[in-house]
Structures are given as structure tokens and as C-alpha cells.
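Colleague: give the three-dimensional model of this entry:
(2 chains)
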Amino acid sequence: MIAIIDYKAGNLASVVKAVRFLGAHSAVVTQSPQDLLRARKILLPGVGHFRSTDLLHQLGLTAAIRQAIASGIPFLGICVGLQWLYQGSTEAPQTPGLGYFSGQCQRFPAVLAGERIKSPHVGWNSLESIRPGSRLLSGVPSGSYVYFTHSWRAPLSQDTAAQTHYAGAFTAAVERGNVMGVQFHPEKSAETGLQVLKNFLTL
Amino acid sequence: MLTKRIIACMDVHNGRVVKGTQFVDIVDAGDPAELAHRHARAGADEIVLLDITATHEGRGTILETVKRAAAELFVPFTVGGGIRSAEDARAVFDAGADKVSINSAAIARPELIAEIGAGFGAQAVIVAIDARRAKHSADPVGQAEVYVSGGRKPTGRRVVDWAVEAEQRGAGEILLTSMDCDGMRTGFDCDLTRSVSQAVQIPVIASGGAGSAAHFAEVFLHGKADAALAASIFHFGITDSRALKTEIASAGVPLRLPC
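Modeller: The predicted structure follows:
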């Protein structure tokens, strides 16, 4: 079973569609901690406000996710799902993230070097400096375009698997062991996105 | 580098894709689901489906069409037309849309922008503005006026003012259609697009008037558009997005290529 976590953060339909298109017909949308512990893979999608991840704590999912991760189940966070893997976000300072990756997510600056920066960062941007050996990005060449839509971003760290440049560099994909995240939307990134999802589903 | 987006738009009337000129004289251009997939395969960065008669005739959005078009469509998909409430928006999202575009209903009740954003995020709310230059004004661009109900009703509101308000209320993007240029294939209204793009800090999608690659290059480079939308030039096989993008890129515009 592929567990897709529903915590009422935006629209899951596209993620479910893409995962099923790739042959994972056992994908279920769930809010149940038991499902997570029985899953072969866990996906945490989500767009919208970081505060919506409060529901993960309220539903008892945070503890289940920690346990699932510790037992080696591959985990993929998408967009806010990636951000939640960090310690937190300035978007909702009272809402703790999982803290699996260190650092805080921050908003794009309004101005950089005298130039106005539009936000959200919307559109197709390229994946750069893809880390050799990344399992999530296997077969994806640096320079490949993927679709983003977000106003907060995760910092670079040693766990960064790919970076993207918009008002400086940020983490477009993060990966350490069985825990992964993408800031872009693989379900909306045409062939490149489907390749990333396929890589995850076939881990 | 963030690329400029080429968006293929389908105006849908009674379940069929249609194309008009300056919002009238409508002709049939095909099946929405089939065209959506064809555009995505041909390299369009995004697909927009607008139910152009929904507001006028008071019909709900065409959810079945949306469902068919959204199936196996792995690029961003926006749906507009007849969305008057957060519930209407939810139905469209459930049918497979990634974003909704709201127009008349946002003018009538601007709180709607935040209401949809609360459930689906600001990035999922596009405020569409149908604009007409103020021809008899000394400042036709600055005084350009917002129209609603499929371009039938003037509102007395300045385009730039409404764009700024929409941003403040939580819109994720602005879709700016020039009614003067719509369907003419003589180029986008670059001055109008630029005036809006510089007034807001969210992306602006230019629409109305696309006829050639040069027009796209102009609205990106001079009009400061973040994305540009066109319909008729794709539907009738004049060009596909990939060929179009290659030509626009050669003018120095960053685009998603290959695609």
C-alpha cells in the first residue's frame, strides 16, 4: 500500500492521479496512523499554509511518521510536505516541523540586490547541482525543468539533493536515507516529474 | 533560471472549445480533453480552461469536462468560469483542477479570493481581469477599465487598482486579458501588461492578441509578463508550443526547452 497523507492542505487529486498513473493502484488517501505503519511508501503532499501541518500533530500522525521513518519506510514530502521535514517555517513560527532536516524555511525576499522579487515563485525552473547517487533523482539530468509554486523555501544543506536558483539558491530536493522531499510538484512536472515519482515508487 | 510560461487556453462553450474575436463571433475548435492533452504533449507549460458562458447564463462549471481534461494531464491545469463560492471552487479542484480563475465573482465579492485561498492556498487562486483601454482618456493605459460578465459589463474600476487589491486580498496570480487585442492576433497589449506587472509583486499572465512568436517575446521582454496565454494560434494548427517556444527563445527569452 502507498499511503498518501491527507491533512487538508490543498488539493491531493493530482498527486493521487499521478501515482495511480504510474501503476501504484494500491495508493490510498489516509489520516490513519495505523495505515502509515503498514505502508510500503508514504507520501506527504500539500500546498498552502505551513500552519495546516498542525493537523498532523492533532491526528497523531507525527509520531507515526517518526516511527515509520525509523523502520525504514521510504517517505516523500512534496512542497509544504518538504518544508515540514525541516525544523519549522517563518510562515507559522508556532508550528513545529518534524526536524528531520536542520534549518528553518524562510520567505523569498521582497527585494534582492535592488531588484524586486515576485512571490510566489511560480513556474518551471531548473534543477541544478543534482547530487550524484541521489536515488530520488536517478536518471534526471541537471538542468531539467520542474514546476514550482511557493513563497517559502528550505535552505541548502549537506542533505540537499538538488538546488534551484530564484533570489539565490534553495533546496529543490532533499534526501537522506529513506527520507526525501521535493519543493517542486512532480505530479505537475511532465516527464521529469513522473520520473521522480517513479524513482520513489520503485525504491 | 525561472522560465517564462507559455499557456494554452481553451475557451469552452457547451462542452466544446470555441474561439471568438473580441469576445464575439464564436467558432468551434474541438474537444477540450483532447485539446488539453495535445497541448501538453506539444510543450505547453500550462493549460487553462475557461467556461466562457458560465457567468452570463448562470450555469455551473462543466465538471465532467474538467474531469476528462484533467485525467493524465501532468502539467498545471487552471479552470475558470462560473466559480462564485468556495464550494464551487472545491468542486472544480475535486474534478482535477490545480488552480481556479475567478473574475466577475471576485469583483462582486472580493472576500472570495481569501475564502478559496484559505482552503487551497493563495497559489491556487488566479484573479482574471478583463481590461479595456480608456480610449478617450489622456492616459488610456493608466485609466484602463475592468469589465465583467464575459466582457459585457463595465465596472468603473481601474485595472491597476483592482490588480493591487486582488494581490492584497491574497491572489496568487493575475490573468490580464486585453479586450481590445483579444482574438486580433496583432500582439499583446504590452503597455497595459507592464503597468499591471510593475504594480503588483505576484506573477502576471498576459492574454489577448497573440499572433506570432515576436508578440510573445515582446510581452515578456517589454511587457514584463511572467507568462503569456494564447488560444486560437494553437487550436487551428498554426503552430504548436514547441515550435513557438523555440522561436521565442531565440529572441532571448528563457523558456522550458526541450519540452
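Colleague: relative to chain B, which residue of chain A is the closest?
Modeller: Proximity of chain A to chain B (C-beta to the nearest C-beta) peaks at A:Gly48, 3.3 Å away. In short, each C-beta sits where N, CA and C put it, glycine included.
Colleague: so for that residue, what's the pLDDT?
Modeller: Per-residue confidence at A:Gly48 stands at 80 (pLDDT).
Colleague: my guess is it contacts B:Phe93. True?
Modeller: No - when contacts are counted by C-beta atoms under 8 Å, A:Gly48 is not listed as touching B:Phe93 (11.7 Å).
Colleague: which neighbours do these two share?
Modeller: Counting by C-beta atoms under 8 Å, 6 or more residues apart in numbering or on different chains, the residues touching both A:Gly48 and B:Phe93 are B:120, B:124.
Colleague: near chain B, which residues of chain A? Just list them.
Modeller: A:8-11, A:13-14, A:17-18, A:21, A:47-49, A:110, A:116-126, A:145, A:147, A:149-151, A:165-166, A:185, A:187-191, A:193-194 (C-beta under 8 Å from any C-beta of the partner chain).
Colleague: what's the ChimeraX line that selects buried ones from the residues you listed?
Modeller: Only the buried entries of these go into this ChimeraX selection, using 16 or more other C-beta atoms under 10 Å in any protein chain shown:
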select /A:9,10,11,13,14,17,18,21,47,48,49,117,118,119,120,121,122,123,124,125,126,145,147,149,150,151,166,185,187,188,189,190,193,194
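Colleague: hmm, back to that, residue contacts, the residue of chain A closest to chain B?
Modeller: A:Gly48 neighbours (C-beta under 8 Å, 6+ apart): A:9-10, A:80, B:119-124.
Colleague: mind redoing it with 10 Å?
Modeller: Applying C-beta atoms under 10 Å, 6 or more residues apart in numbering or on different chains, we find A:Gly48 in contact with A:8-11, A:79-80, A:91, A:150, B:117-124.
Colleague: looks to me like A:Met180 is in a strand.
Modeller: Yes - according to DSSP: H, G, I helix; E, B strand; the rest coil, A:Met180 belongs to a strand.
Colleague: quick check: it touching A:Leu136?
Modeller: Yes - with contacts counted by C-beta atoms under 10 Å, A:Met180 reaches A:Leu136, the gap being 4.8 Å.
Colleague: shared neighbours of those two, which are they?
Modeller: A:74, A:76, A:161, A:173-174, A:196, A:199-200, A:203.
Colleague: what about residue 40, neighbour count?
Modeller: All of this is about chain A. A:Arg40 is flanked by 13 other residues according to other C-beta atoms under 10 Å in any protein chain shown.
Colleague: sorry, should have said chain B
Modeller: Neighbours of B:Ala40 (other C-beta under 10 Å): 23.
Colleague: what's the helix or strand where B:Gln198 lies packed up against?
Modeller: Element membership for B:Gln198 (DSSP states H and E) is helix B:190-199. Under the contact definition 3 or more C-beta pairs under 10 Å, 6 or more residues apart in numbering or on different chains; DSSP states H and E, helix B:190-199 sits against strand B:125-132, helix B:159-168, strand B:173-178, strand B:204-207, helix B:213-221.
Colleague: chain center to it, what's the gap?
Modeller: Put simply, helix B:190-199 sits 15 Å off its chain's centre (C-alpha atoms, centre = their mean, to the nearest Å).
Colleague: just to revisit the earlier point, go through the helices and strands packed on helix B:190-199 and name the closest to chain A.
Modeller: strand B:173-178 (6.4 Å).
Colleague: now the angle between strand B:125-132 and that closest one, please.
Modeller: 20 degrees (axes from the mean of the first three to the mean of the last three C-alpha atoms, to 10 degrees).
Colleague: shouldn't B:Val27 be within a helix?
Modeller: No - B:Val27: not assigned to a helix; according to three-state DSSP it is strand.
Colleague: let's check: the centremost residue of chain B is which one?
Modeller: Nearest to the centroid of the C-alpha atoms of chain B, with distances taken as C-alpha atoms, centre = their mean, sits B:Leu175, at 4.6 Å.
Colleague: got the contact list for it?
Modeller: B:7, B:9, B:48, B:50, B:78, B:80, B:99, B:101-103, B:126-130, B:203-207, B:227, B:229.
Colleague: helix, strand or coil for B:Phe93?
Modeller: With three-state DSSP as the criterion, B:Phe93 reads helix.
Colleague: measure the closest residue to it other than its chain neighbours to A:Lys188 for me?
Modeller: Nearest-residue entry for B:Phe93: A:Asn11, 4.7 Å, with adjacent residues in sequence omitted and distances by C-beta to C-beta, 6 or more residues apart in numbering or on different chains. In this view, A:Asn11 and A:Lys188 are 11 Å apart by C-beta to C-beta, to the nearest Å.
Colleague: for chain A, just list every one of the strands.
Modeller: In chain A, the strands defined using DSSP state E lie at A:2-5, A:27-30, A:41-44, A:75-78, A:88-89, A:104-107, A:111-112, A:115-116, A:121-126, A:145-150, A:152-153, A:160-165, A:169-176, A:179-182.
Colleague: of the contacts of B:Leu175, list those near chain A.
Modeller: Here is what survives when the contacts of B:Leu175 are matched to chain A using C-beta under 10 Å from any C-beta of the partner chain: B:99, B:203-205, B:227.
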